[in-house]
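Enquirer: for reference, the sequence and a predicted model appear below.
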Amino acid sequence: MPRSGSRASRRPPYTVGAALLLLLLTGCAVAGTAPGPGGTAPGPAAVRTGAHAPTGSTGAHAPTGSTGAHAPTGAAGPGAAAARGPAAPTAPREIRMLGQTVRSAIPAESRQALVVTGNSPDSSEATAVLYTRDDPAVGWQPAAGPWPAHNALYGWTDEHRVNDLRTPIGVYGLTAAGGLLEAPDTELPYVQSPAFTVSGEGFDGESLEGSFDYVIAIDYNRVPGASPLDPTRPLGEERGGGIWLHVDHGGPTQGCISLPAERMEELLRILDPAKLPVIVMGDGAALAR
């Protein structure tokens, strides 16, 4: 949603209803909707200019340079295709906006990747697209999205710190979920708990109620597979934690990624732990590395 006023005039970070969440969520605060660019349209079909295009012919059936009545210019003999040899194999499709460094960070065994691309290094608006790689020989294919998303108030960072109001750039696993509401049909481990209750207002004065109805833990500075509520911080408390995917509330987050509620439900149904899903997130320039 549009935001009014400068960042300096915004309200202070919102408060959470449960004391446990205050300890956990140094980076989590839900957010709203951002316009998502569509896919790339296919280019125009190639125009053939070869055989059977009689440019400049001097007779009804005699193309320029022909040596016989019906021999078109440049016609190839029956052995030409064999002489060229077999066609080169097609390389597996890559996710086009990702640079080599980022691509190499995606585990070879991963078959699902949610790519969240920020509008700019300092923007809180982003776009999410889910890709799948069911056939490694074919490569990555878009499976869902684009969806509008929000990230942290001040954008992105390569080295997240407590209360910096930036979302960590990188490739992280998606190994556990939870929420205030009962689990939808999901294969991810799911913890339903009243500890996901949240209240207060976001940076733009929007209500935060329902923000944690569904969450998916992002494996930044946490134990993979543990509950999203687990407070363990392997990198230390100063590096923050509690970075989640959660329901969007219409404004920037403190560090999390937020998606519309229906998209969170869809994502929970699609993600499969057996396919080692990951999230690839950052601004466009960072993802192009």
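Expert: Great, that's in hand.
Enquirer: in terms of helices and strands, where is the nearest residue to Pro224 once chain neighbours are set aside?
Expert: In space, and not counting its chain neighbours, Pro224 is closest to Thr175: 4.7 Å by Cβ to Cβ, 6 or more residues apart in numbering. Glycine gets a C-beta too; all of them are placed from N, C-alpha and C. Taking DSSP states H and E as the definition, one finds Thr175 inside strand 170-179.
Enquirer: so what touches that strand?
Expert: Applying Cβ atoms under 8 Å, 6 or more residues apart in numbering, the contact partners of strand 170-179 are 102, 105-106, 114, 183, 186, 188-193, 196, 212-220, 224-229, 243, 245, 268, 271, 273, 276-282.
Enquirer: drop anything exposed from the residues you listed.
Expert: By the neighbour-count criterion of 16 or more other Cβ atoms under 10 Å, these include these buried positions: 102, 106, 114, 186, 188-191, 196, 212-220, 226-229, 243, 245, 268, 271, 273, 276-282.
Enquirer: okay, and which of the residues you listed map to strands?
Expert: 114, 190-191, 215-218, 245, 278-282 (DSSP state E).
Enquirer: which phi and psi does the nearest residue to Gln141 once chain neighbours are set aside have?
Expert: Of all residues not flanking Gln141 in the chain, Thr132 sits nearest, at 5.8 Å (Cβ to Cβ, 6+ apart). Per-residue torsions, Thr132: phi -130, psi 150 (degrees, to the nearest 10).
Enquirer: with the one 10 residues further on instead?
Expert: Note on Pro142: backbone dihedrals following degrees, to the nearest 10 are phi -60, psi 130.
Enquirer: residues near it, how many?
Expert: Burial of Pro142 is recorded as 14 neighbouring residues (other Cβ atoms under 10 Å).
Enquirer: for it, give its distance to Leu245.
Expert: With the distance defined as Cβ to Cβ, to the nearest Å, Pro142 ends up 18 Å from Leu245.
Enquirer: next: Arg93.
Expert: For Arg93 relative to Leu245 (Cβ to Cβ), the value is 25 Å.
Enquirer: repeat that for Tyr220.
Expert: 11 Å.
Enquirer: what do you get for Gly118?
Expert: From Gly118 to Leu245 the distance is 15 Å (Cβ to Cβ).
Enquirer: ok, now Glu182?
Expert: Distance from Glu182 to Leu245, by Cβ to Cβ: 18 Å.
Enquirer: can you check Glu238 too?
Expert: Counting by Cβ to Cβ, the gap from Glu238 to Leu245 is 23 Å.
Enquirer: please apply the same query to Gln112.
Expert: Gln112 is 13 Å from Leu245, where distance means Cβ to Cβ.
Enquirer: before we move on, what SS does Pro231 have?
Expert: Three-state call for Pro231 (DSSP: H, G, I helix; E, B strand; the rest coil): coil.
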